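**Student:** Below: sequence and its predicted model.
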Amino acid sequence: MKSYVFVAIGACVISLTYGVRFAFGQFLPTIQFEFQLDHQHTAHLASSVYAGTCIALLAAAYLTERFGPRMTVALAMVFGTLGATMVSGATTSAGLTVSLLLIGISSGLSIPPLIAGVTVSCACYRDRAVSIINAGTGIGIVAASATALFFTDSWRECFFVFALISVLVSLAACFTVPRHAKAPINRFNIREIVKSPALHQAVSSALLFGIVSAAIWTGGGISLVGLADWNNTGVSLFWIALGVAGLLGGFCGDFISRLDLGEVHSISFVGLGTSTLLLAMAQHSEVVGLLAAGMFGVFYMTGTALYLIWAARISADHAPSIVAMLFFMLPVGQIVGSAVYGHLTNLFEVDHVLIIFALMSSCYIVIQFFAKIDGPSHSSPQDDQAAVAAIPVPELSQARRPR
């Protein structure tokens, strides 16, 4: 029973640390108007969140190993609480940038220790546990969107409420997250993992995934306002649809076990590009915009859950370190994607920029053409044991190419 409580609290931690940063996107049109920000400055604000996430991920695996999952999660919640509080009192764009940097640090510190906790508490159903925890992102988006609807333009009060909730979740995490991580097995050196083709493929895939997804994460709401003159309520409904659909990402573990690591990988990229293309077509139809949001939510959450599972397939004992590497590349890609999005919107129409990002997802086909995914296609019975051993990376079963 304790393991199920840990998974539930882990999902709450993710929903809060990521929900706070997504809440900023809910109020972005209002904040943009209040601070007189253009698209390029808005993209810089979004990049500060991703930069904070990158900084935290560089230290997250070490902190988890040195101080344990519980202390690292607590530290993540401290940064999240401080960041939300500072956003509520920000009076300049510089203050917003620092606040979002702290919020990004919070989200970056949260994932690796929770994955380490899974290897301790939930090894017998690891894939399902990491998928459910990752689906907390969808919960956070829904909560942030619903809160934005309730507070309308009162974004300062909204972030203050998030800071209070963060304190409560921090207390719950202190009683449920394991104190110590599983000790690494010495027979499989981390240097061998760093040199492995499996990790190289996962890293390049995560980088591209982050770049392609940046168009919607950075400018989803603003794109709708610019394309179809949606009001703030319509933008909030867009994010709610994205978050509700993203909850389906909680089934990613079962999805991969029924299909294949490579097939789910292909489907995620195709869905990401299709949803971005649909958003570009949402000029005169809210239904198309909501459909784009729902499709993006499903395939983004499925893709990020896939990276968590992929990391454990490469090496279960070093999963937190590999997760940190992959989730470091995601925000790096989003920083690049946000900068490109901000620059292109000053040159082209918003719908044309979205089409460009949709076409970027076709780069996945090139990656898949040159190299199949290294990593077990399906979870083996040995992976489901609490004392799971590290899986050698070379010569693993390969995923089928998309037909």
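**Tutor:** Noted; the coordinates are in hand.

**Student:** Residue 158 in helix, strand or coil?
**Tutor:** With DSSP: H, G, I helix; E, B strand; the rest coil as the basis, residue 158 sits in helix.

**Student:** what residues are up against the nearest residue to it once chain neighbours are set aside?
**Tutor:** Spatial nearest neighbour of residue 158, excluding adjacent residues (C-beta to C-beta, 6 or more residues apart in numbering): residue 151 at 4.3 Å. Where C-beta positions appear, they are placed from N, C-alpha and C, glycine not excepted. With contacts defined as C-beta atoms under 8 Å, 6 or more residues apart in numbering, the neighbours of residue 151 are 157, 158, 161.

**Student:** Next secondary structure after the helix or strand encompassing residue 78?
**Tutor:** Using DSSP states H and E, residue 78 sits in helix 69-88. Using DSSP H and E, the next helix or strand after helix 69-88 towards the C-terminus is helix 93-121.

**Student:** Per-residue confidence, the spatially closest residue to residue 90 that is not a sequence neighbour, what does it come out as?
**Tutor:** Ranked by C-beta to C-beta, 6+ apart and with sequence neighbours excluded, the top spatial neighbour of residue 90 is residue 96, at 4.7 Å. Residue 96 is assigned 88 on the pLDDT scale.

**Student:** I figured residue 315 hits residue 202, correct?
**Tutor:** No - with contact defined as C-beta atoms under 8 Å, residue 315 does not reach residue 202; the gap is 11.3 Å.

**Student:** tell me, what's touching those two both at once?
**Tutor:** In contact with both residue 315 and residue 202: residue 322, using C-beta under 8 Å, 6+ apart.

**Student:** and the residue nearest to residue 90, how many neighbours does it have?
**Tutor:** For residue 96, the count of nearby residues is 20 (other C-beta atoms under 10 Å).

**Student:** Next up, the contacts around it.
**Tutor:** 31, 35, 45, 87, 90.

**Student:** That one and residue 133, how far apart?
**Tutor:** For residue 96, the distance to residue 133 (C-beta to C-beta, to the nearest Å) stands at 29 Å.

**Student:** just residue 347 next, same as before
**Tutor:** 40 Å.

**Student:** more neighbours, these two?
**Tutor:** Using other C-beta under 10 Å as the criterion, residue 347 and residue 133 rank with residue 133 on top: 29 against 8.

**Student:** before we move on, which element is the more buried one in?
**Tutor:** Judged by DSSP H and E, residue 133 forms part of helix 126-134.

**Student:** In the helix or strand following that helix, which residues are buried?
**Tutor:** Remark: after helix 126-134, the chain's next helix or strand is helix 136-151, criterion DSSP H and E. In terms of neighbour count (16 or more other C-beta atoms under 10 Å), helix 136-151 has its buried residues at 136-145, 147-149, 151.

**Student:** Now tabulate these in CSV and tack on pLDDT and distance to residue 64.
**Tutor:** Converted to CSV, the buried residues of helix 136-151 look like this (pLDDT from 0 to 100; distance: C-beta to C-beta, whole Å):
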residue, pLDDT, distance to residue 64
136, 85, 18
137, 82, 20
138, 82, 24
139, 85, 23
140, 84, 21
141, 81, 25
142, 84, 28
143, 83, 26
144, 79, 26
145, 78, 31
147, 80, 30
148, 76, 32
149, 79, 36
151, 80, 35
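
**Student:** Would you mind giving these as TSV with distance to residue 11 added?
**Tutor:** Formatted as TSV, the buried residues of helix 136-151 follow (distance: C-beta to C-beta, whole Å):
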residue	distance to residue 11
136	3
137	9
138	9
139	6
140	9
141	13
142	12
143	12
144	15
145	17
147	18
148	21
149	22
151	24
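
**Student:** residues in contact with the residue nearest to residue 333 when sequence neighbours are not counted?
**Tutor:** Leaving aside its chain neighbours, residue 333 sits nearest to residue 210 (2.3 Å; criterion: C-beta to C-beta, 6+ apart). Contacts here follow C-beta under 8 Å, 6+ apart; on that basis residue 210 touches 329, 330, 331, 332, 333, 334, 335, 336, 337.

**Student:** from the chain's centre, how far out does stretch 51-62 sit?
**Tutor:** 14 Å (C-alpha atoms, centre = their mean, to the nearest Å).

**Student:** what's in contact with that stretch?
**Tutor:** 72, 76, 79, 100-109, 111-113, 320-321, 323-325, 327-328, 331-332, 335.

**Student:** in that stretch, what counts as buried?
**Tutor:** 51, 52, 53, 54, 55, 56, 57, 59, 60, 61.

**Student:** can I get the residues you listed in TSV with distance to residue 262?
**Tutor:** Converted to TSV, those look like this (distance: C-beta to C-beta, whole Å):
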residue	distance to residue 262
51	31
52	32
53	27
54	27
55	32
56	30
57	25
59	32
60	28
61	26
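
**Student:** mind putting the residues you listed in TSV, distance to residue 177, pLDDT and secondary structure included?
**Tutor:** Listed next are the buried residues of stretch 51-62 as TSV, based on distance: C-beta to C-beta, whole Å; pLDDT from 0 to 100; DSSP: H, G, I helix; E, B strand; the rest coil:
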residue	distance to residue 177	pLDDT	secondary structure
51	26	84	helix
52	21	87	helix
53	20	85	helix
54	23	84	helix
55	22	86	helix
56	17	89	helix
57	18	85	helix
59	18	86	helix
60	14	86	helix
61	16	80	helix
